[in-house]
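Asks: got a predicted model here, sequence first, then my questions.
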Amino acid sequence: MELCIQLSIIMLGKQLIQNNIFEIGVPKLKKLFRKLKDDRPEQKESHSDPSKQPQQWELDYVLEPFTGLTPEYMEMIIQFGFVTLFVASFPLAPVFALLNNVIEVRLDAKKFVAELRRPDTVRAKDIVTSDFIPRLVYQYVYSHNGTMHGFINHTLSYFNVSDFKAGTQPENSPFEEEVSFCR
């Protein structure tokens, strides 16, 4: 019985209430402190003019920086561990975990959209995966014989120079005789 009470306190009190309050409240407090710290007199003068509203990137800079998804995954892993280990002694653990996950998804969505800065982009080594899926779709859905015969890569499509309006054609370069198409 004591284990059941302790698990209900952990599942309801700690995970459902405490984590979600910290997840929403702490970024709001940090944003408020950062905004108070960054308020300067020259900014107040520029914001007093209604025609000079701050740009979106200025408003986004005040948001909390993105730190990664590791804490979000750790939260779910810990919860999965509690549910898996103690489901026999606390049968309501899966129900509380489901309730927590439904609330967590909505709060995380709001947090990632409105409370955090966009994460920095990570450069990919190549773009093979972005071309892989359209090729598979063509091969298995549109191709009559299951081959790539007839697949067109639209990123390198041809455009006839004769289709330009008068006066907008590209000038002939000294390296070629005549430009007949653009690619």
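Replies: Looks like it came in fine. Numbers count the residues shown, from 1 in each chain.
Asks: tell me where the chain has helices.
Replies: Along the chain, the segments classed as helices by DSSP state H run 2-8, 19-38, 41-48, 56-61, 70-86, 93-110, 128-137.
Asks: for Ser162, find the nearest of those helices.
Replies: Set against Ser162 and scored by C-beta to C-beta, the helices of the chain come closest in helix 128-137, at 29.4 Å. Using the backbone N, CA and C atoms, a C-beta is placed for each residue, glycine as well.
Asks: show the average pLDDT along that closest one.
Replies: For helix 128-137, mean pLDDT is 78.
Asks: so where's this structure shaky on pLDDT?
Replies: 40-51, 126-129, 153-157, 169-177, 181-183 (pLDDT under 70).
Asks: domain-wise, how is it divided?
Replies: 1-35+55-115, 131-169+177-182 (the TED database).
Asks: need the winner for burial among these.
Replies: Counting by mean count of other C-beta atoms under 10 Å, domain 1-35+55-115 has the highest mean neighbour count of the domains of the chain, with a mean of 13.
Asks: quick one on the thing from earlier: so can I have CSV of the helices of the chain showing distance to Asp163?
Replies: Listed next are these as CSV, based on distance: least, C-beta to C-beta, whole Å:
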stretch, distance to Asp163
helix 2-8, 71
helix 19-38, 52
helix 41-48, 48
helix 56-61, 38
helix 70-86, 51
helix 93-110, 46
helix 128-137, 26
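Asks: of these, which is nearest Ser143?
Replies: Closest to Ser143 of the helices of the chain, according to C-beta to C-beta: helix 128-137, at 9.7 Å.
Asks: CA atoms only for the closest one, dumped as CSV, please.
Replies: In CSV, the C-alpha atoms belonging to helix 128-137 read as follows (Å, rounded to 0.1, in the frame of the first residue of the first chain):
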residue,chain,number,x,y,z
VAL,A,128,20.7,12.1,-51.0
THR,A,129,17.7,11.5,-48.7
SER,A,130,15.7,14.4,-50.1
ASP,A,131,15.9,12.9,-53.6
PHE,A,132,15.4,9.3,-52.4
ILE,A,133,11.7,9.5,-51.5
PRO,A,134,10.5,11.1,-54.8
ARG,A,135,12.5,8.5,-56.7
LEU,A,136,10.8,5.7,-54.8
VAL,A,137,7.4,7.2,-55.2
